[in-house]
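Student: this is a predicted model, with the sequence first.
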Amino acid sequence: MSPVLAAVLQALFLIALLGVCYVPFGTYMANVYTSRKHLKVEKGLYRLMGVDPDAEQRWPAYLRGVLVFSAASVLFLYLIQRIQSHLPLDRLALGTDGSTGHNLVNVDPQQSFNTAASFVSNTNWQSYSGETTMSHVTQMTGLAVQNFVSAAVGMAVAIALVRGFARYRSGGELGNFWVDLVRGTLRILLPVAVVGALILVAGGVTQSLSMPETVTGLGGEVQHLFTGPIASQEVIKELGTNGGGFFNANSAHPFENPNPFTNIFEIFLILIIPFSLTRTFGKMVGSVKQGYALLGAMGGVWLLFVVLMHVTEFLHPGAAAQAAGAAMEGKESRFGIGGSSLFAVSTTMTSTGAVDSFHSSFTGFGGGIALFDMMLGEVTPGGVGSGLYGMLIIAVITVFIAGLMVGRTPEYLGKKLGSREITMAALYILVTPTVALLFTSISMAMPTARASMANPGMAHGFTEVLYAFTSGANNNGSAFAGLNANTDWYNTAIGIAMLMGRFLPMVFVLALAGSLTEQKPIPASKGTLRTNTPMFAMLAASVVILVCGLTYFPALALGPLAEGFSS
Amino acid sequence: MTSEGKTAVSSTPTLTAEPGQTPGKAPEPHGEASAARVGGGLFDPKMLWSALPDAFRKLDPRLMVKSPVMFVVEIGSVLTLILACFKPSGFVWGITVWLWFTVVFANLAEAVAEGRGKAQAETLRKAKTETMARRLVGGKRDGAEEQVPGTELTIGDLVVCEAGDIIPGDGDVIEGVASIDESAITGESAPVIRESGGDRSAVTGGTKVLSDRVIIRISTKPGETFIDRMIGLVEGASRQKTPNEIALNILLASLTVVFLLAVMTLPPMANYAKAPQTLTVLVALLVCLIPTTIGALLSSIGIAGMDRLVQRNVLAMSGRAVEAAGDVSTLLLDKTGTITYGNRRADAFVPMAGVSDAQVAEAARLSSLADETPEGRSIVELADTRYGFDDANGAGDDAVFIEFTAQTRMSGVDLGGGASARSIRKGAAGSVLAWVEENGSTSPEQARTVVDEISSAGGTPLLVAVRDADGARVLGVIHLKDVVKEGMRERFDELRKMGIRTVMITGDNPRTAAAIAEEAGVDDYLAEATPEDKMALIKREQAGGHLVAMTGDGTNDAPALAQADVGVAMNTGTSAAKEAGNMVDLDSNPTKLIEIVEIGKQLLITRGALTTFSIANDVAKYFAILPAMFAVAYPGLNKLNIMDLSTPKSAILSAVIFNALIIIALIPLSLKGVRYRPLSADRMLRRNILVYGIGGLIIPFVGIKLIDLLVSLIPGIG
C-alpha cells in the first residue's frame, strides 16, 4: 500500500471513529451538565468543599470560582515543585553523571512558576524534561491532577457560556462552577480515561510503577530505561487536550505511543471531546443543527489543514527528502508522513501540544501550518471546553457582521448582540494575538532571548520564538523544538503568556454569558439570520481565518513563509 | 446643494427625479408602489466640492477621535508628514499625501451627508421667521389681546390666530376651526383643516392660517418647537450614535488595535530578518490593514439613513428609532385608511322579521343625521336615494344625539319626550344587543344570523335598535361595505418574506375583521379593538420578544405609540400623539410604515456590507505590501507578489492609494444605501456575501494592479 493511500485510509478511519462516537458522547455530556441528580461521591465532595450544589451563581461568582480554584492550583503546584526533594517517592532520579539513586532536587523558582502556570492553564508547555526533573509525587498529585481538573475548568466555562445562550434567567445565573468542575472530572474525564488507558495498555503502552530498568548495551554503555504509570497519564494527556508528556520525547516515545494503532487512538482521544462538545451545545440550546453548524466550521478548517499538511509533507521539494521519498526528518518511521501530519494538525488545532514528531523538522510550510493552526485561536476544534467557547465567540462575531447584512440587529440563538456582547467578544479576540506578538517582539529585541535559538539569524530561528509564544498564549503547549526555553526570561514570559492567554479570555467569556442569560430570547422569524446552515458554518470558518489568522500574517511572512518560499 | 436642499421639505416635485419614487407624497400602495422601494437620495459630485471646507474643518483631532479607526489614520498621517519634512523623498511624500487624502475623504463622506441635512435645515429656518403673537391676557379665552414676540410664549399661553397669521408656536386648537397651510413643513400645498377637540387639533408653529379664527393653547417652550426639533434632527446636531453603530464601532476599534499591535511588534522581527522597515512603510501597512473603508463611511451611513426618511417626509426623533424599525417583527396596522380606503358605505338595510326595510332605513337615517363620518353620511344618502327621505324627515328640535365613543361603540339619538319618546341606537352588534338586553328584551336570533352573514361576506353590520313604548327591540341591520386597497396582499406577502407579521387593528366585530383580514392577506387581526386592547396586544407581543411598530394619530393612541418600539404619529394627529411617537409622518400616510421598516433594514445592511467589504480587502493588501517589505531579505517572498506589481515602493503606494480612492468610490453607496429588496434573510445574506464579501476579495487585486500600472510611471517610484 502506498503511503498516500495509507494516510487517506487512516484519516478516514479516524473520521469514522469520531463520527460513531459524536452523537452518543455529545448527548451524554449534555446530560451530565443538565442533570439535577448528584452522585453520592459528588455529594461528599460538595460537603467537603462546603459548597451548596444547588445554588446557582451569577457570572462574577462563577468567575471567582474559576480564578480561586486556579490560583490555588498554581500555588499548590509551585510549592510541591519547590519542596519535592523533601517528599517521599523521590528516589527515582538520575544523577548528573547518569547514576541512579540520587534525590531529585527542587525545581528552581522560574521553572516552577512556568510549570505551575503551564499545567493549570491546560497548556502543558514543558521547559523541563519530565523523566529527570519531576518526582513521582509531583507528577501524580500535581501534574496528573491538573491534567484532569484544568480540562474540567475549560469545559465548565464553555458550559456556562452555552447556558447563557440556552436559557433565560433574569437574575443572570449561569449554574454552579463547583458542580460543573466535579461533574466534568468525575463523570466525563475519569471514566473515559479509565477505558482509554486500558485500550492503550492493550495497544502496548507501558504502565508500571517500577524503578528504571538498567541495561547494558552491546558496546558496554549503561542505559537507564525509565518506565512509570505512562498509559494512565497518556490517556488524560490527550483526552484533556493537555499535552504534557511523561517523557521529553512525548508521544514520539515508543513507551508512550508504540505503534500506528495507539497513534490513531491518541489522535481520536485528542479530538473526541472538542468535536463532541458541539453536540452537547446543540442539545443544550435545543437544536442539534446549531451544533452541526459549529461542527462544520471546526471540522472544515481542521480537514482543510490536514489536507494541506499532508500535501506539503508528501511533496517536500528538498533533495534529501526526495531521495528518502518524503520529508521524514524528525518523524517516527512507524507513523510515517500520514500519522505524523494527522497528529501534528490535530494537536496544534486543539491546544493539546502533544507531539509524535518534531514540528521544527517539518518542511517550512509544514511547520508554518502547525504554527498557523494555533494562531487561529484554538477553535478548530480547539481545546477541551476552550475550543467550544472560542468558536462561540467566533460565531458571535460572524453573526454580528452577517446579521447586519440581513438588516436586523444581530441575534444569535435568540439573544441580541449589542454593544456589551460585542465588547466582550472583541476583547476576547484581542488577547492572544496581543500576548503572542508582544512577547515575541520583545524577545526579538533582547540579545539574551535571541541566544536561545537553535538557528540564530535565520527565519527558522525566528519561527522557534514565534512558535513558543504562540503556543503559550494559545495554551497549546507544543514546542517547535530547537529553542532553549529553560531560561529565566522564557520561563517567566511564557508563564505569564499562558496565564493571560487562559484566564483573560475566560473573564470575557463569562461576562458575555452573564449578559446573554439575562436576555429574554427573541423568537426567530424569516427575517432572522439562520445560524444552522452550511452557509453559516462557512462564514464562521472564514472569520476564523480572516479575522484571527490574518493578524499574524506579517510575522508569518518573516518565519515559515520566508523559509517555505525559499526552498 | 440648493437643489438638494429644497427636496426634502419644501417642494415635493424635485424629489420625483428618482425614477419610480414618489416620496413626499403619500404613495398609494398599488401600481408604482412596488417600484417605490427605498432607494437613495440623489448624489451629485458637485456636493463633494462644496463639502470640502467642512471636511478640512473636521480634521480637528477632538472631532476625529470619535471615529477611532480614522483617528489612527490621522495620527499616522501626522507622523509621515513629519518624516516627509525632515527626510523628503518622492515616496514618503506620496504616501503622506495619500494618507491625508484618506482622512479628508472620510471627513468628506460625513460632510456630504451632513451637508444635505444642513440645506434642509436652511429651508426650515426660513419658515421659522420671527412672529408676533396675539396672546390672550391671563390665559382666558375672553381675555384682552396683547402683542408679544413668539419667542416669549410659554406652555399654557393662549393665542389668537386669524386668516393670514403665522402660527407663533406649537399647540392645540381649543376653539374654532381653520384651514391651515402647512407646506412649510410638509411640502404639501393643499391646506388642511384644524379644529378644536378630536384628533385634528394640533397645529405647528411656522404654519399659516388661511381662513377663519382659532384660539390655540401653546404646548411647547420656545426653542423646543417642532420646527426647532426638525432643524436639529436634519442638521444632525442632536445626532447620537445608535446602539448598533456603537457595537460596530467597538468591533472596528478592536480590529484596529489588533492590527496596530501586529504592526507595532513588527520592527524587532524585521530587524532580526535584516529587513528593517521605515516608519512610513509601517504606517502605510497599518492604514491598509485597519478597516478604514467602513470606519470612514460609518457616520455618513447613519446620517444618510435619517436623511432618506426625511426625504420621505418622515421625521425620526432618534437614530435609535430608525434602527429599531429594521428589527420590527410585528406591524400593527389600522384597518381603516391603511388597509382599506376607509370610507365604508352603506349598501343595504336588512330588516328583522315583521319590520319593513323602509322602517329600518328611517331609524338608521335618524340616528345618523348628526353623524359626520363617511359611514354616517353614506347611511343618510342611501336612505334618501332608495327610500325617498329628505330634509323634511328631520329629527326634531328636541332630539338629543348620542355621539359614538370607543367605549360604548354606539351612537344614536333620543327623540321626543314622554310617551312618544323614542331612542334609536346603531352600532356594533355586540354593543347594540347588550343595550337591548339592558333594556329588558331578548336579542333576536335572526339579528345574529344576519350579522354573521354580512360579516363573513366582509361587510360591516351595524345594528339598528329602537326603544319606545313597545320596549326595546332590534329593527334591522345596516350593511356597510369596505374596500381593501389594491396591492396590499402583495405588500403583506413581501413583509412575510422579511419575517414581519402584520396585525390588522379594527373596531369591527371578529367576523368582519376575519373576512377583511382574509381579503387583505394580513397574518392576524385584532377585532373590536379599544385603545386598551391595542396596548395589551403591544405588550403581549413585546413580552414574546417581538419589536412592534404602529401608527396612530389620536390622543388615545398616545400610550400605545409610546409603548411601541416604533411609533409613527401622523402629522395631522394631536400633539399628544406626536409627542408619544418616535417618528412623525408629515404626509400622515399610515402605509408608509412599511417603507420606514425597509429604510431601517437598509441602514443596517449597508453597514454590514461595507464592514465585510473592508475586512475582505485586507487579503489583497497583504499580497501587495508584504512582498514589498520583506522580499529584499527573503527573495522567495516575491512569489507572494501575484499581482506582479512593478517595484516595492510602487506596490505600497498603490495599496495606499487604492485604500483612499475606495472611500470616495463608496460615498454614493453610503448615502444611497445598499440596494434593498424584500427577501428572506438567507437569500439576502447569500447575495450580499457574494457582492460585498467575494467582491471585496477580488476588487482590490484589480484596483491595486491598475493603480500600480499608473504609479510605476512616476520616476523614482516605478
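Tutor: Sure thing, it's come through.
Student: give me the phi and psi for the residue in the stretch 1-150 of chain A that chain B sits nearest to.
Tutor: Relative to chain B, the nearest point of the stretch 1-150 of chain A is residue A:59 (19.3 Å; C-beta to the nearest C-beta). (Glycine included, C-beta is placed from N, CA and C.) Per-residue torsions, residue A:59: phi -60, psi -40 (degrees, to the nearest 10).
Student: isn't it right next to residue A:174, touching?
Tutor: Yes. Using C-beta atoms under 8 Å, residue A:59 makes contact with residue A:174 at a distance of 5.6 Å.
Student: give me the common contacts of the two.
Tutor: Listed as contacting both residue A:59 and residue A:174 by C-beta atoms under 8 Å, 6 or more residues apart in numbering or on different chains are A:160, A:510, A:513, A:514.
Student: which one of the residues you listed sits closest to residue A:252?
Tutor: Checking the shared contacts of residue A:59 and residue A:174 against residue A:252 with C-beta to C-beta, the nearest one is residue A:160 at 36.3 Å.
Student: about what we covered before: and the shared contacts of residue A:59 and residue A:174 as JSON lines, adding neighbour count, distance to chain B and secondary structure?
Tutor: Rendered in JSON lines, the data for the shared contacts of residue A:59 and residue A:174 read as follows (neighbours: other C-beta atoms under 10 Å in any protein chain shown; distance: C-beta to the nearest C-beta, whole Å; DSSP: H, G, I helix; E, B strand; the rest coil):
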{"residue": "A:160", "neighbour count": "31", "distance to chain B": "23", "secondary structure": "helix"}
{"residue": "A:510", "neighbour count": "29", "distance to chain B": "19", "secondary structure": "helix"}
{"residue": "A:513", "neighbour count": "29", "distance to chain B": "18", "secondary structure": "helix"}
{"residue": "A:514", "neighbour count": "25", "distance to chain B": "17", "secondary structure": "helix"}
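Student: picking up where we left off before, who's more crowded, residue A:59 and residue A:174?
Tutor: Neighbours per residue (other C-beta atoms under 10 Å in any protein chain shown) separate residue A:59 from residue A:174, with residue A:174 holding more: 29 against 24.
Student: need the pLDDT of the more buried one.
Tutor: At residue A:174, the model reports a pLDDT of 95.
Student: how close does it sit to chain B?
Tutor: 21 Å (C-beta to the nearest C-beta, to the nearest Å).
Student: which residues touch stretch A:361-369?
Tutor: Applying C-beta under 8 Å, 6+ apart, the contact partners of stretch A:361-369 are A:305, A:308-309, A:312-313, A:316, A:318, A:321, A:327, A:329-331, A:341, A:344-345, A:359-360, A:370, A:459-460, A:463, A:467, A:480-481, A:556, A:559-567.
Student: just the buried subset of those residues, please.
Tutor: Neighbour-count burial (16 or more other C-beta atoms under 10 Å in any protein chain shown) is assigned, among the contacts of stretch A:361-369, to A:305, A:308-309, A:312-313, A:316, A:321, A:327, A:329-331, A:341, A:344-345, A:359-360, A:370, A:459-460, A:463, A:467, A:480-481, A:556, A:559-565.
Student: now narrow those residues to whatever sits close to chain B.
Tutor: The subset of those within reach of chain B, by C-beta under 8 Å from any C-beta of the partner chain, is A:459, A:561, A:562, A:564, A:565.
Student: low-scoring stretches of the stretch 51-200 of chain B, by residue?
Tutor: B:127-130, B:187-189, B:198-199 (pLDDT under 70).
Student: just to revisit the earlier point, now pLDDT too, for the shared contacts of residue A:59 and residue A:174, in TSV please.
Tutor: Below are those laid out as TSV (pLDDT from 0 to 100):
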residue	pLDDT
A:160	97
A:510	97
A:513	97
A:514	96
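Student: any idea which of the residues you listed is closest to residue A:108?
Tutor: residue A:510 (34.2 Å).
Student: hey, which strand is longest across chain B?
Tutor: When chain B is scanned for its longest strand (criterion: DSSP state E), the result is strand B:471-481.
Student: leaving out the residues flanking it, which one is nearest to the residue of the stretch 51-200 of chain B found nearest chain A?
Tutor: Here the stretch 51-200 of chain B gets closest to chain A at one residue, residue B:68, 11.8 Å apart by C-beta to the nearest C-beta. Leaving aside its sequence neighbours, residue B:68 sits nearest to residue B:253 (C-beta to C-beta, 6 or more residues apart in numbering or on different chains; 4.3 Å).
Student: helix or strand: which one has residue A:293?
Tutor: Residue A:293 is part of helix A:288-314, with elements assigned from DSSP states H and E.
Student: model confidence over that helix, on average?
Tutor: 95.
Student: how about stretch A:11-28?
Tutor: Rounded mean pLDDT across stretch A:11-28 is 96.
Student: how far out from the middle of the chain is that stretch?
Tutor: 19 Å (C-alpha atoms, centre = their mean, to the nearest Å).
Student: same check on stretch B:528-536?
Tutor: Per C-alpha atoms, centre = their mean, the centroid offset for stretch B:528-536 relative to its chain is 24 Å.
Student: do stretch A:551-565 as well
Tutor: Offset of stretch A:551-565 from its chain centre (C-alpha atoms, centre = their mean): 23 Å.
Student: then stretch B:661-668?
Tutor: 26 Å.
Student: now check that stretch, is it near chain A?
Tutor: No. For a cut-off given as C-beta under 8 Å from any C-beta, stretch B:661-668 has no contacts with chain A; the smallest distance is 15.5 Å.
Student: before we move on, the earlier item: near the residue of the stretch 51-200 of chain B closest to chain A, how many other residues are there?
Tutor: Close neighbours of residue B:68, defined as other C-beta under 10 Å, add up to 18.
Student: quick one, what contacts it?
Tutor: Shown in contact with residue B:68 (C-beta under 8 Å, 6+ apart): B:249, B:252, B:253, B:256, B:295.
Student: where's it relative to residue B:257, distance?
Tutor: Going from residue B:68 to residue B:257 by C-beta to C-beta, to the nearest Å gives 9 Å.
Student: quick one: contacts of the helix or strand containing residue B:159?
Tutor: Following DSSP H and E, the helix or strand that holds residue B:159 is strand B:158-162. Strand B:158-162 is contacted by residues B:133-136, B:139-141, B:143, B:145, B:153, B:167-169, B:171, B:174, B:178, B:209, B:212-218 when judged by C-beta under 8 Å, 6+ apart.
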